[in-house]
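Trainee: Sequence first, then the predicted structure, then my questions.
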Amino acid sequence: MVKCCAAILTGLCIFAVTSQGLASDSLFVSVDDPLPPFMLQDYENPGRYVALRDYCGVPRDTRPNLERKPVVLSFFAHHCEPCKREIPRIEELAGQWGDSVQVFLIAVGDNRETIGRWKEENPTSLTILLDPYQATSVDRYGIRSLPTVMVLDSAGIIRCIRRGYQEGDETTLTSVVDSIRQETP
């Protein structure tokens with residue numbers, strides 16, 4: 001009886017660990033799906049909330065005439081070393097793309113004070129949006145690894161999801177964004 005219970009408990013533990021591993025490695029969103037819209041606070045301007053729908057996807061009723069454009073979202077955290085290497089590369093790309101592409105850094109689980117200290121050591125001109133409670137990045141999109149970058153077309157459709165960072169990943173981002181820009185009239 002004890003051996004039977006031990007075997008059942010071992011099986012349950014293996015199932016629980018395996019299930020957690022699968023859940024932590026899967027996103028709630030996929031390439032070719034529309035990204036559910038968000039509204040997040042702007043780090044630089046605490047009174048301003050940025051809505052994804054103001055840049056791509058179906059516009060909000062209050063701002064229907066804004067230009068639709070590709071959007072690059074880079075999810076990061078202050079303690080993420082690969083994020084610190086990736087963000088300057090994304091900033092370089094944003095400079096090349098100019099106003100034809102909107103780039104946002106989304107701080108996952110970090111509050112304003114933490115990002116303020118982080119930004120002193122990691123200056124960037126990119127717009128940083130705050131997701132301190134992870135309600136958008138983790139709870140809504142299922143992001144579990146950082147950095148994660150998503151590229152959206154002007155319709156708000158996810159065209160690329162890349163997790164982690166390795167030197168040279170910029171080539172993929174450039175290729176995807178250039179392809180979207182060529183499709184956009």
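Mentor: Yes, it's here. Please read all numbers here as calculations on a predicted model, not as lab measurements.

Trainee: Show me what the helix or strand where residue 173 lies is packed against.
Mentor: For residue 173, the host element (DSSP states H and E) is helix 169-183. Applying 3 or more CB pairs under 8 Å, 6 or more residues apart in numbering; DSSP states H and E, one finds that helix 169-183 contacts helix 81-97, strand 148-152, strand 158-163. Quick note: C-beta positions are derived from backbone N, CA and C, even for glycine.

Trainee: per-residue confidence at the spatially most central residue of the chain?
Mentor: Nearest to the mean C-alpha position of the chain, by CA atoms, centre = their mean, lies residue 75 at 3.6 Å. Looking at residue 75, its pLDDT reads 98.

Trainee: Please apply the same query to residue 57.
Mentor: On the pLDDT scale, residue 57 gets 89.

Trainee: before we move on, what about residue 146?
Mentor: With respect to pLDDT, residue 146 scores 97.

Trainee: cool, residue 60 as well?
Mentor: pLDDT, residue 60: 82.

Trainee: how far off helix 81-97 does the host helix or strand of residue 106 point, in degrees?
Mentor: According to DSSP H and E, residue 106 maps onto strand 102-108. Angular relation of strand 102-108 and helix 81-97 on a 0 to 180 degree scale: 160 degrees, by axes from the mean of the first three to the mean of the last three CA atoms, to 10 degrees.

Trainee: Adjacent strands (with direction) for strand 102-108?
Mentor: Using DSSP bridges, the strands paired with strand 102-108 are strand 71-76 (parallel), strand 127-131 (parallel).

Trainee: Please work out which of these is packed deepest.
Mentor: Of all those, strand 71-76 has the most neighbours on average by mean count of other CB atoms under 10 Å, namely a mean of 25.
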